[in-house]
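# Predicted model and sequence follow; I will ask about them next.
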Amino acid sequence: AFTKEDWRSSGILDQLCTVGGTDALSITAVDLSVKANGVELLQTMRGLSREGVITGTPLVIVTPSASGKAIITAAQSDLQDLNTKAAYAQKLLESMLKGWVPVASGAVLKASEESLSLFIMNNIPILAVHGTRDRGGKIISQDLSEKAKAHVVELEGGHPCYLNSPDEFVKHLISFVNGVYGVQSSL
């Protein structure tokens, strides 16, 4: 299993923290259980906000592989609230996400087209990333492109393509984040 330490040892975190100057981005890496759902992710984010680690505002979240389940379950929960006209709708996606970067997140294949359409409805852009040697990741990216209008990037590598091509991953991630926040980029 991959952890935040893989992101540190690959140099990805260092690159992200130094792009554009010392305070250009605030990066937080969190190890979530592969069983974590959207509510648990939101609780984690609220805890990090209370501790002053993150702002608490909607963020761009990167979810490699199985961790994408938390975002997908948030979408499914929001869809259920929408369909039942729940009096207290949590609106998990809207409260957590400014943008989403799933890297070959298999849970996407179990999501309904209707739940994936919530990303469009909530104006949450998606950068779907997969490796050249990851057939499943390519299928996931295509699914997100068709159902949620994701922008797709294929990097050299296998399932953990961000570790195989960290410089390219960082370049695409920074460009996406800048686009989400309306910042001009020289990358």
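Ah, there it is.
# downstream neighbour of the helix or strand D78 falls within in the secondary structure list?
Using DSSP states H and E, D78 sits within helix 69-84. Next along the chain after helix 69-84, taking DSSP H and E as the criterion, comes helix 92-96.
# still on that earlier bit, report all helices and strands that the helix holding D78 contacts.
Counting contacts by 3 or more Cβ pairs under 8 Å, 6 or more residues apart in numbering; DSSP states H and E, helix 69-84 packs against helix 38-50, strand 59-64, helix 92-96, strand 97-103, helix 113-121. Quick note: C-beta positions are derived from backbone N, CA and C, even for glycine.
# Throw the ones you listed into CSV and include distance to L79, mean pLDDT and mean neighbour count, thanks.
Below are the helices and strands packed on helix 69-84 laid out as CSV (distance: least, Cβ to Cβ, whole Å; pLDDT from 0 to 100; neighbours: other Cβ atoms under 10 Å):
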stretch, distance to L79, mean pLDDT, mean neighbour count
helix 38-50, 11, 89, 16
strand 59-64, 18, 90, 21
helix 92-96, 10, 85, 20
strand 97-103, 15, 93, 24
helix 113-121, 5, 92, 17
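# quick one: which of these is nearest E168?
Set against E168 and scored by Cβ to Cβ, those come closest in strand 97-103, at 12.4 Å.
# So which elements touch the closest one?
The contact analysis (3+ Cβ pairs under 8 Å, 6+ apart) places strand 97-103 against strand 59-64, helix 69-84, strand 127-131, helix 135-148, helix 166-180.
# what do you get if the cut-off is 10 Å, keeping everything else the same?
Packing partners of strand 97-103 (3 or more Cβ pairs under 10 Å, 6 or more residues apart in numbering; DSSP states H and E): strand 59-64, helix 69-84, helix 113-121, strand 127-131, helix 135-148, strand 151-155, helix 161-164, helix 166-180.
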